[in-house]
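Give me the fold of what follows.
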Amino acid sequence: MPYYYEYELIQSAFILVKDLFKLKKGEEFVITADTESDSKVVDSVASAAFLIGAKPIVIWIPSPLGVGKEADLMIPLKTLTSLFKEADAWVEFNNKWLLYSTPWEIALKENRKLRHMCLVGMNTDMMVRCIGRVNYELLNKFQAKVVELTKKAENMHVTTPAGTDIFFKNDPNLPITYESGYADTPGSHFMIGQIGWAPIYESIEGLIVFDGSLSPPIGLLRNPIKLYVKKGKIERIEGGMEATIFESWLRSLNDENMFLLAHVCYGFHPNAILSGNILEDERVWGCIEWGIGSVDPGTLPPNGRQAKSHCDGICLNASVWLDDIQLLDKGKVIHPELIELAKMLGKA
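The predicted structure follows:
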């Protein structure tokens with residue numbers, strides 16, 4: 001008897017390596033995993049890469065206690081850096097992400113050909129739903145339209161049923177990018193279904209309420225966490241025990257930049273569900289995700305912003321206004337230029 005989604009997983013693995021990475025014969029392909037990773041996903045992707053003629057290498061490491069630079073002291077820093085500096089392509093299935101870590105940072109600067117995709121914590125179910133069962137052409141058409149509309153907005157306002165009420169301005173000189181799902185060009189790439197950018201930080205004012213998940217240090221939230229924000233900085237955190245855990249974690253890093261907002265994102269993956277895995281959570285349809293801490297150079301050219309770590313929190317069922325035009329109402333697309341595309345994606 002086949003294991004759960006065995007056939008579908010193999011199909012999804014081929015879509016990843018052949019269509020999304022466009023791996024070529026002879027290319028050297030690094031797959032990283034940690035002791036929290038789904039071995040079936042890792043093995044299926046390595047097999048698919050080998051079958052199309054690429055040269056996969058799978059690296060398993062003990063799961064670090066933190067992510068990004070917070071993981072530096074717990075990972076084989078020199079070995080990983082050497083691998084990434086020479087590889088043609090790299091996918092990370094490790095649950096604790098190496099994105100924003102020192103090896104990632106050095107690799108992107110020194111290996112100009114590297115195609116990297118961050119698929120942290122990918123499991124069999126998510127691989128099938130969110131990689132294999134996607135209409136990439138239609139979803140990218142939808143995302144491109146959202147970017148076009150958002151770029152025109154100077155002022156933005158976001159609310160949620162949980163209490164989020166936040167205002168900010170956009171900088172027309174900063175990029176607004178969407179994740180196409182492809183990793184066929186140099187640089188870092190992510191799963192399809194997310195649109196992100198850096199607002200004018202000093203303009204961010206109001207209340208952000210995370211009611212979906214927050215990673216790190218928690219995952220799925222049982223109680224909302226309230227962030228009172230002034231000029232792009234978290235001034236106060238309120239809530240129950242989870243809010244206390246979050247604030248303690250931020251302060252333990254001894255880095256004032258960990259109290260600064262990093263980016264804002266829309267979630268628009270029609271198959272994403274709230275699962276506790278931030279890779280999927282931040283793509284739940286109609287959510288708004290806020291990043292905190294470090295900022296990558298792609299979001300804030302040319303150098304980004306350094307911090308000891310990075311975390312992402314989810315605000316579900318967002319209502320969004322672009323200047324005076326409403327884009328979303330409690331997570332539902334209502335903009336007239338997007339309604340038909342949303343219906344075609346099964347999100348009427």
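
CA atoms for contacts and neighbours, from now on please.
Will do.

Which single strand of this protein contains the most residues?
Counting by DSSP state E, the longest strand found in the chain is strand 305-315.

Okay, now the sheet partners of that one, with direction.
According to DSSP bridges, strand 305-315 forms sheet pairs with strand 213-215 (antiparallel), strand 288-295 (antiparallel).

how about JSON lines for those strands, with distance to residue 161 and mean neighbour count added?
Shown next, in JSON lines, are those (distance: least, Cα to Cα, whole Å; neighbours: other Cα atoms under 10 Å):
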{"stretch": "strand 213-215", "distance to residue 161": "15", "mean neighbour count": "25"}
{"stretch": "strand 288-295", "distance to residue 161": "12", "mean neighbour count": "24"}
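
and residue 70, which of these is closest to it?
strand 288-295 (11.3 Å; Cα to Cα).

Only alpha carbons, please: show the closest one as PDB.
Provided in PDB are the C-alpha atoms of strand 288-295 (Å, rounded to 0.1, in the frame of the first residue of the first chain):
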ATOM      1  CA  ILE A 288      -2.000  40.500   6.600                       C
ATOM      2  CA  GLU A 289       1.400  39.400   7.900                       C
ATOM      3  CA  TRP A 290       3.900  41.700   9.600                       C
ATOM      4  CA  GLY A 291       7.600  40.900   9.800                       C
ATOM      5  CA  ILE A 292       9.600  42.200  12.700                       C
ATOM      6  CA  GLY A 293      13.400  42.500  13.000                       C
ATOM      7  CA  SER A 294      15.900  42.000  10.200                       C
ATOM      8  CA  VAL A 295      15.100  43.200   6.700                       C
END
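
if we can go back for a sec, and the longest strand of the chain, which residues are buried?
Under the neighbour-count criterion of 16 or more other Cα atoms under 10 Å, strand 305-315 has 306, 307, 308, 309, 310, 311, 312, 313, 314, 315 buried.

Which SSE is immediately downstream of that strand?
strand 319-322 (DSSP states H and E).

Can you list the strands that that next one pairs with?
Short version: by DSSP bridges, strand 319-322 pairs with strand 155-159 (antiparallel), strand 325-329 (antiparallel).

sorry, back to before: got the buried residues of strand 305-315 as TSV, with pLDDT columns?
Below are those laid out as TSV (pLDDT from 0 to 100):
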residue	pLDDT
306	91
307	92
308	89
309	88
310	90
311	93
312	95
313	98
314	98
315	98
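
Next, format those residues as a markdown table and append distance to residue 298.
Shown next, in a markdown table, are the buried residues of strand 305-315 (distance: Cα to Cα, whole Å):
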| residue | distance to residue 298 |
| --- | --- |
| 306 | 13 |
| 307 | 16 |
| 308 | 18 |
| 309 | 17 |
| 310 | 15 |
| 311 | 17 |
| 312 | 17 |
| 313 | 20 |
| 314 | 21 |
| 315 | 23 |
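
residue ranges for the helices of the stretch 151-300 of the chain, please.
Using DSSP state H, counting those that start in this stretch, the helices found in the stretch 151-300 of the chain span residues 241-252, 278-281.

Comparing the ones you listed, which comes out most buried?
Most buried of the helices of the stretch 151-300 of the chain, by mean neighbour count (mean count of other Cα atoms under 10 Å): helix 278-281, with a mean of 25.

give the contact list for residue 167.
155, 156, 157, 158, 203, 204, 205, 206 (Cα atoms under 8 Å, 6 or more residues apart in numbering).

Not counting residues beside it along the chain, what's closest to it?
Distances taken as Cα to Cα, 6 or more residues apart in numbering place residue 157 nearest to residue 167, at 4.6 Å, with adjacent residues excluded.

cool, and residue 94?
In space, residue 94 comes closest to residue 33 once its chain neighbours are excluded; the distance is 3.9 Å by Cα to Cα, 6+ apart.

can you count the residues close to residue 105?
Each residue near residue 105 was counted by other Cα atoms under 10 Å, and the total is 18.

if we can go back for a sec, identify whichever of the helices of the stretch 151-300 of the chain lies nearest to residue 46.
Proximity to residue 46 (Cα to Cα) singles out helix 278-281 among these, at 20.6 Å.
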